[in-house]
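Visitor: pasted the sequence and its predicted model underneath.
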Amino acid sequence: MKTIDLSSSTVLVTGANRGLGRHFAEQLVARGAKVYAGARKPESVDIPGAIPLQLDITDPVSVAAAAATANDVTVVINNAGISTGASLLTGDLADIRAEFGTHLFGTLDVTRAFVPVLEANGGGALLNVLSVLSWISFPTAGAYCAAKSAEWSMTNALRAELAERDIRVSALHVGYMDTDMTAGIEAAKSSPADVATLALDQLAAGAPEILADELSHQVQAGLAGGVAALYPALA
């Protein structure tokens, strides 16, 4: 596994103004990295030591401008995301398209824009923030689950395609975190600060798949069992 010295890296974090993204940016600054904190509204970024960067991952013009500005990046953390709570059958199609537009196409657009930057700077790494819902789906969040599953497939394809360019691609899978996105959910939740620490440690160590909690380990273990293991009520 190729290791990364984050203390000498220049890192872009998307969605860095709150939640997990904010913890990524804060901890990277503390580790000595140069950090671009991407957000739709850069004025919302108030992280000491980080460089606010206007970035709307669903806007190709914004993405291209960010890549031109942050042209010394060696690590990209694709963290920005949304959750509409849309059902695939009854949800507003605009919400479903927004989920895919953010998690799949937005992440891909950032990746395509920054791969030449990483190559020009001697290679580097991508970390895609996924979810345990990349592997298991629930009707109440069908759009989010489907979009994250597509993002996981994309991550695997990019991992294979970019290996020969000296760009490593890692994926972070996490269950419930104590962020705004899960504010209405009653469940045991991980600390986003702890998740960020684990993810950065594993990214630096070269791990291709990073599982942040026991739920992610359990669901991953059930993948080989198919429907009977993941959805016993339907088997």
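Guide: Okay, I see it. For clarity, every value in this text was computed on a predicted model and none was experimentally measured.
Visitor: number of nearby residues for the residue lying closest to Ile57 once chain neighbours are set aside?
Guide: Closest residue to Ile57 apart from its sequence neighbours, by C-beta to C-beta, 6 or more residues apart in numbering: Gly106 at 3.6 Å. Using the backbone N, CA and C atoms, a C-beta is placed for each residue, glycine as well. Gly106 has 27 neighbouring residues, counting by other C-beta atoms under 10 Å.
Visitor: test my guess that Gly106 contacts Ala80.
Guide: Yes: under the criterion of C-beta atoms under 8 Å, Gly106 makes contact with Ala80 at 6.8 Å.
Visitor: overlap in contacts of those two?
Guide: Common contact partners of Gly106 and Ala80 (C-beta atoms under 8 Å, 6 or more residues apart in numbering): Ile57.
Visitor: tell me the secondary structure of the closest residue to Ala39 other than its chain neighbours, please.
Guide: Residue nearest to Ala39 in three dimensions, not counting chain neighbours: Asn17, with 4.0 Å by C-beta to C-beta, 6+ apart. Following DSSP: H, G, I helix; E, B strand; the rest coil, we place Asn17 in the coil state.
Visitor: residues contacting Asn17?
Guide: Ala37, Ala39, Lys41, Ser44, Val45 are the contacts of Asn17 under C-beta under 8 Å, 6+ apart.
Visitor: buried subset of those?
Guide: Ala37, Ala39, Val45 (16 or more other C-beta atoms under 10 Å).
Visitor: quick check, nearest of the residues you listed to Val115?
Guide: Ala37 (20.6 Å; C-beta to C-beta).
Visitor: right, and the closest one touches Ala50 too?
Guide: Yes: Ala37 is in contact with Ala50 according to C-beta under 8 Å; the separation is 4.1 Å.
Visitor: which residues are in contact with each of the two?
Guide: With C-beta under 8 Å, 6+ apart, Ala37 and Ala50 have common neighbours Ala16, Ala25.
Visitor: what's around Ala160, how many residues?
Guide: Applying other C-beta under 10 Å, we find 9 residues neighbouring Ala160.
Visitor: what helix or strand is it on?
Guide: Here Ala160, judged by DSSP states H and E, is contained in helix 142-162.
Visitor: in that helix, what's buried?
Guide: 142-152, 154-155, 158-159, 162.
Visitor: ok, the residues you listed vs Asp5, which is closest?
Guide: Relative to Asp5, and with distances defined as C-beta to C-beta, the nearest of the buried residues of helix 142-162 is Leu162, at 19.5 Å.
Visitor: how about the strands in the protein?
Guide: For the chain, strands defined by DSSP state E occupy the ranges 10-13, 34-39, 51-54, 75-78, 124-129, 167-173, 209-211.
Visitor: which neighbouring elements make contact with the first one?
Guide: The contact analysis (3 or more C-beta pairs under 8 Å, 6 or more residues apart in numbering; DSSP states H and E) places strand 10-13 against helix 19-31, strand 34-39, strand 75-78.
Visitor: of the ones you listed, which stretch is the most buried?
Guide: strand 75-78 (a mean of 28; mean count of other C-beta atoms under 10 Å).
Visitor: can you list the strands that it pairs with?
Guide: Here strand 75-78 has these sheet partners by DSSP bridges: strand 10-13 (parallel), strand 124-129 (parallel).
Visitor: still on that earlier bit, got a markdown table for the helices and strands packed on strand 10-13, with distance to Leu230 too?
Guide: Formatted as a markdown table, the helices and strands packed on strand 10-13 follow (distance: least, C-beta to C-beta, whole Å):
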| stretch | distance to Leu230 |
| --- | --- |
| helix 19-31 | 25 |
| strand 34-39 | 34 |
| strand 75-78 | 25 |
